[in-house]
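Colleague: got a structure for you, letters missing:
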């Protein structure tokens, strides 16, 4: 029976970089569970890699088919952006192990859907000052920086990832991303021991 390793953490903690490194580690043999979003693509993103990018009509189609496991809508300064997980034929937890990136709310819904024995949290932490600098550096690299949205997300993370919510989600183990290489090595060892 396969497992789904779920990378969670506040914005700009290195989740996507860690995810990519673990996915490329052939020894772990992990497949990617790609989430969906209605938000616009960022520079450097590829459809079907970071997210399945869709529109409201695509979301409604998947909902009508009963494939949406969880759905979150965020009021941003650019309008409502939706993120969701869909159960498609591409996911076979009977035969494969998967890895994905998401937020606490989506982790809890997916864990409820597939079962706590199959969905394993990997919670990433970074000191807030360092995290804010990383977010600012990333946004500056965008063709059209969205600084107001960066600030909204940074502040929302304090509430979304409160200690109470982390405990309620049953997350006990945390990985500190001070040094990326060390963090990835620690997570790799954790995944090996969990398989």
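Modeller: Received, thanks. These numbers were taken from a predicted model, which means no experiment stands behind them. Residues are numbered from 1 along each chain as shown.
Colleague: Kindly state the pLDDT recorded for residue 89?
Modeller: Residue 89 is assigned a predicted lDDT (pLDDT) of 68.
Colleague: ah, wrong one, I meant residue 52
Modeller: Looking at residue 52, the pLDDT reads 91.
Colleague: Assign residue 63 to helix, strand or coil.
Modeller: Using DSSP: H, G, I helix; E, B strand; the rest coil, the structure places residue 63 in helix.
Colleague: Now it: closest residue in space that isn't a chain neighbour?
Modeller: Excluding its sequence neighbours, the residue lying closest to residue 63 (C-beta to C-beta, 6 or more residues apart in numbering) is residue 71, at 7.9 Å. Glycine gets a C-beta too; all of them are placed from N, C-alpha and C.
Colleague: Direction included, what does whatever helix or strand the one you found lives in pair against?
Modeller: Residue 71 belongs to strand 68-76 when elements are defined using DSSP states H and E. Strands that pair with strand 68-76, judged by DSSP bridges, come out as strand 79-86 (antiparallel).
Colleague: what comes up buried for the strand it pairs with?
Modeller: Under the neighbour-count criterion of 16 or more other C-beta atoms under 10 Å, strand 79-86 has 82-86 buried.
Colleague: got the contact list for the strand holding residue 71?
Modeller: 39, 59, 62-63, 80-87, 103, 105-106, 109-110, 113, 149, 152 (C-beta atoms under 8 Å, 6 or more residues apart in numbering).
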